[in-house]
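Visitor: build me a model from this:
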Amino acid sequence: MKLKNKYILVVIYVLMIALCGCSKKQPQKIYRVGILAGNPFVTIIDGFKAKMAELGYVEGKNIVYDVHNLGFDPLGYDRVNKKFVEDKVDLIFAFPTEPAQSAKAATKGTNIPVIFAQAGLEGSNLIESIPKPGGNITGSRFPGPDIVVKRFEILLESAPDIKRLYVPYDKNYPIVAPALKKLRSAASFKDVILVELPVISSIEIQTDIENRMKSADIGVDAILLLPEILTQTPESWAIISRFAVEFKLPLVGSSPATVEKGGIFSYNVDPFESGRLAAEKTNKVLKGVPAGTIMVATPPSHLRINYKIAKELGLTVPEGLLSMADEVIR
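Guide: Purely as a prediction, here's the structure:
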């Protein structure tokens, strides 16, 4: 009987130890996220981190970010993404199009998901479809072709006499071709000639502009930039904007920041908002939802008008445009 009682006590003691062990709080997982930025819109990262914090991811506590801001550096994208894979990060957040393409290629055959932001889907082969992107990827897209046509239409509302539109662009950028296709169609309908300049470097842009400046007729009435990185680098923008200022040409950039640096307006998605939308996708993935099953987000576009520059150029901005603008700089 005594042996039986001792046995029962031992069993109870073991069970109590086991229960105490189970009641102990398990160590919190620390997620490691690699972030690769390939354009100057670093506010995408700010929006991403801000939304992640709202969702409960505290940097340094339960999430660690490895941030690489490379600008325009295609070879660097592959190098960084390879490092992310070697480090076995939990997720890669890459933007815009080319860094996202590189991340997708680098993670092939792994279980590392990729979230993108401000990436063009047309012509990039990033996803299978917007509702079901497939594979290990999803994110927040950049509706490039539609935005380009809308910029063209807004430009003509303010400067209806434009007949020759200067369009320099990186001929190798993945989403340029579909954007050009739509722009060519829209320009033809409005009897506007596109003076296209396909290049691979800012030096080529400078050479072409210098040749135009030597001519009696520069051959263009306005400038519109496409959604690619080369023409938005500090070097290229300085060349293009100086040309626009000297010859009083309406200039439409391809980012919200350009409206403060010489552009007459910008019509674009908000980079900060794109980052927040990407964070929502990231949260779902980290909670176990396969990235390829999560619908790609399309952020809304916003119009910012630099009314001061428009007036200096002698342009009349219609009241309808001013009323629909999210911001008017006077």
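
Visitor: strands of the protein, start to end?
Guide: With strands called from DSSP state E, the chain shows them at 31-37, 63-69, 91-95, 114-119, 137-141, 164-170, 193-199, 222-224, 251-252, 265-269, 301-306, 327-329.

Visitor: ok, the fourth one: who's next to it in the sheet?
Guide: For strand 114-119, the paired strands and their directions (DSSP bridges) read strand 91-95 (parallel), strand 137-141 (parallel).

Visitor: all helices of the protein, in order?
Guide: 2-23, 43-54, 74-86, 97-106, 144-158, 176-189, 202-214, 234-246, 271-286, 307-312, 319-324 (DSSP state H).

Visitor: same list (the ones you listed) but as TSV, adding mean neighbour count and distance to G262.
Guide: Glycine gets a C-beta too; all of them are placed from N, C-alpha and C. Listed next are the helices of the chain as TSV, based on neighbours: other CB atoms under 10 Å; distance: least, CB to CB, whole Å:
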stretch	mean neighbour count	distance to G262
helix 2-23	9	64
helix 43-54	20	20
helix 74-86	17	27
helix 97-106	26	25
helix 144-158	20	14
helix 176-189	17	21
helix 202-214	16	14
helix 234-246	18	4
helix 271-286	23	19
helix 307-312	16	7
helix 319-324	11	19
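
Visitor: now the ones you listed in TSV, with distance to R330 and mean pLDDT?
Guide: Shown next, in TSV, are those (distance: least, CB to CB, whole Å; pLDDT from 0 to 100):
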stretch	distance to R330	mean pLDDT
helix 2-23	64	54
helix 43-54	23	97
helix 74-86	40	96
helix 97-106	34	95
helix 144-158	15	94
helix 176-189	29	95
helix 202-214	30	97
helix 234-246	19	94
helix 271-286	23	97
helix 307-312	5	93
helix 319-324	10	92
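
Visitor: need those in TSV with distance to P256, can you?
Guide: Output for the helices of the chain, formatted as TSV (distance: least, CB to CB, whole Å):
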stretch	distance to P256
helix 2-23	52
helix 43-54	9
helix 74-86	23
helix 97-106	18
helix 144-158	12
helix 176-189	18
helix 202-214	21
helix 234-246	13
helix 271-286	7
helix 307-312	15
helix 319-324	16
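
Visitor: domains in the chain, by residue range?
Guide: Here the domain assignment for the chain is 31-142+270-300, 144-268+303-329, based on automatic domain parsing.
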